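Enquirer: take this sequence and fold it.
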Amino acid sequence: MKRVIADVGERLRAGEYKLTPRREHILKVLLENKDKHLSAEDVYNLVKQKAPDIGLATVYRTLELFLDFDIIHSIDFGDGCKRYEFGNSEEGEQHRHHHLICNRCGRIIEVNEDLLEDLEKRVSREHDFTVTDHQLKIFGLCRDCVK
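Expert: The predicted structure follows:
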């Protein structure tokens with residue numbers, strides 16, 4: 001975690017920003033909850049436990065800053081609420097993972113394989129289009145809700 005925090009600090013400094021203590025608290029919450037899809041309010045509530053003086057506006061501004069620097073990614077699962085997850089750009093991943101979203105209980109299941117590779121190649125070839133990224137969200141019912 002220390003290495004990631006140092007890397008984020010360097011990226012921000014290169015863009016003439018600082019990794020302030022509040023920004024670091026927000027970054028740590030995102031890192032500690034890598035497997036979750038947190039809303040800004042979720043991040044705020046978790047950061048507030050460690051830094052009670054932080055404001056919701058600071059969390060929103062920091063999340064937008066992290067988005068601008070491609071440190072985190074945002075996704076909307078169809079419920080109008082933007083959620084955030086820590087990016088994988090340091091691992092050299094070109095694409096993010098995909099999501100299965102249960103319409104009944106809201107459960108989100110991550111699919112950690114590129115399911116659209118063949119489609120991307122066909123689109124590139126047939127339309128002379130360079131694909132740089134994609135998102136795939138599949139809606140349905142999870143195993144528990146089907147029962």
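
Enquirer: looking at the record's assignment, how would you partition this protein?
Expert: As given by automatic domain parsing, the domain ranges for the chain are 2-90, 95-146.

Enquirer: can the ones you listed go into CSV with extra columns for mean neighbour count?
Expert: C-beta: built from backbone N, CA, C; applies to glycine. Formatted as CSV, these follow (neighbours: other C-beta atoms under 10 Å):
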stretch, mean neighbour count
domain 2-90, 15
domain 95-146, 13
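
Enquirer: mean pLDDT for those: which is lowest?
Expert: In terms of mean pLDDT, the lowest-scoring of the domains of the chain is domain 95-146 (a mean of 85).

Enquirer: centre of the chain to the helix or strand hosting V47, how far?
Expert: Per DSSP states H and E, V47 falls inside helix 40-50. Relative to its chain's centre, helix 40-50 lies at 16 Å (C-alpha atoms, centre = their mean, to the nearest Å).

Enquirer: what segments of the protein are helices?
Expert: 2-14, 21-32, 40-50, 56-68, 117-127, 143-146 (DSSP state H).
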